[in-house]
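**Student:** what follows is a protein structure lacking sequence information:
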């Protein structure tokens with residue numbers, strides 16, 4: 001769906017291995033999209049060629065091929081992380097309101113049943129383009145850029161792993177054994193942090209310590225199906241896939 005300078009929406013049928021066109025999204029370009037309740041939610045995003053970002057929120061219903069306008073976010077946001085909680089809340093973590101601003105530490109909470117946004121407790125560290133995941137009723141946020149040099153457009157990347165407790169609306173910070181913007185995954189109830197081309201670390205369910213469980217040889221896209229981790233990458237023009245069973 002969408003992409004750079006595009007508002008197109010396509011539907012893929014795996015049985016027939018074919019695509020059909022759907023009603024274009026009211027917004028175009030780089031967007032935050034999630035699937036929930038058999039619908040697609042678009043939350044903010046950034047239009048190409050413009051310095052301001054979107055605060056718009058839309059829901060696409062595949063059964064009617066229609067886009068519905070929802071309540072706007074408190075502020076425009078892009079390059080943020082989006083998390084669904086309990087199929088009732090959509091959280092927008094960090095990001096920036098436009099292409100020139102510093103990263104933010106905001107946390108927005110959209111309550112679906114109310115079609116209303118709430119501003120929750122700020123993160124300790126501002127960041128854009130973070131990794132985030134829901135685990136054991138908490139939102140874990142890692143990596144991303146914590147500040148921006150507007151003269152060189154370079155970024156400084158934070159080290160802290162920050163954890164948001166949804167029930168108490170509080171944050172805590174802890175160190176973790178990697179840097180940059182890693183990939184967060186939950187496999188077999190364990191939280192994993194993957195630093196592509198370097199290593200993977202697993203958080204202990206007992207004392208909360210971090211243990212190195214494997215190393216990856218190349219940078220790629222990491223995801224998992226059940227207990228198998230897949231690392232896809234391109235080497236000398238050939239796409240390869242590594243698989244590791246936990």
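**Tutor:** Good, I have the coordinates. Since the model is a prediction, treat every value here as computed from it, not as a measurement.

**Student:** I'd say residue 68 and residue 61 touch.
**Tutor:** Yes: at 6.9 Å, residue 68 counts as touching residue 61 under the criterion of C-beta atoms under 8 Å. The C-beta positions use only the backbone N, C-alpha and C, and glycine is treated the same way.

**Student:** now the element after the helix or strand bottoming out on mean pLDDT in the chain, going C-ward?
**Tutor:** Evaluated with mean pLDDT, DSSP states H and E, the helix-and-strand set of the chain has its lowest mean pLDDT in strand 154-156, which scores a mean of 62. Next helix or strand after strand 154-156 toward the C-terminus (DSSP states H and E): strand 161-165.

**Student:** and whichever helix or strand comes after that next one, which residues are buried?
**Tutor:** Next along the chain after strand 161-165, taking DSSP H and E as the criterion, comes strand 170-174. Residues of strand 170-174 classed as buried: residue 171 (neighbour count, 16 or more other C-beta atoms under 10 Å).

**Student:** measure how buried residue 207 is and give me the count.
**Tutor:** The criterion is other C-beta atoms under 10 Å. On that basis, residue 207 has 6 neighbouring residues.

**Student:** where's it, which helix or strand?
**Tutor:** Taking DSSP H and E as the criterion, no element holds residue 207; it sits outside all helices and strands.

**Student:** residue 39 pairs with what?
**Tutor:** residue 36 (DSSP bridges).

**Student:** the domain parsing of this structure - what is it?
**Tutor:** With automatic domain parsing serving as the domain definition, the record reports that the chain contains domains spanning 1-175, 180-246.

**Student:** mean pLDDT lowest for which of those domains?
**Tutor:** Within these, the stretch with the lowest mean pLDDT is domain 180-246, showing a mean of 73.

**Student:** what's the spacing between that one and its chain's center?
**Tutor:** Relative to its chain's centre, domain 180-246 lies at 17 Å (C-alpha atoms, centre = their mean, to the nearest Å).

**Student:** one step back: could you look over the domains of the chain and pick the most buried one?
**Tutor:** With neighbours defined as mean count of other C-beta atoms under 10 Å, the domains of the chain peak in mean count at domain 1-175, which reaches a mean of 17.

**Student:** spit out the contact partners of the spatially most central residue of the chain.
**Tutor:** Using C-alpha atoms, centre = their mean, the residue of the chain that lies closest to the mean C-alpha position is residue 81, 3.7 Å off. By C-beta atoms under 8 Å, 6 or more residues apart in numbering, residue 81 lies in contact with 92-95, 130-132, 141, 144.

**Student:** would you turn those into JSON lines with secondary structure and distance to residue 223?
**Tutor:** Supplementary listing: the contacts of residue 81 in JSON lines, determined by DSSP: H, G, I helix; E, B strand; the rest coil; distance: C-beta to C-beta, whole Å:
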{"residue": "92", "secondary structure": "strand", "distance to residue 223": "22"}
{"residue": "93", "secondary structure": "strand", "distance to residue 223": "20"}
{"residue": "94", "secondary structure": "coil", "distance to residue 223": "22"}
{"residue": "95", "secondary structure": "coil", "distance to residue 223": "23"}
{"residue": "130", "secondary structure": "coil", "distance to residue 223": "18"}
{"residue": "131", "secondary structure": "strand", "distance to residue 223": "13"}
{"residue": "132", "secondary structure": "strand", "distance to residue 223": "16"}
{"residue": "141", "secondary structure": "strand", "distance to residue 223": "19"}
{"residue": "144", "secondary structure": "coil", "distance to residue 223": "19"}
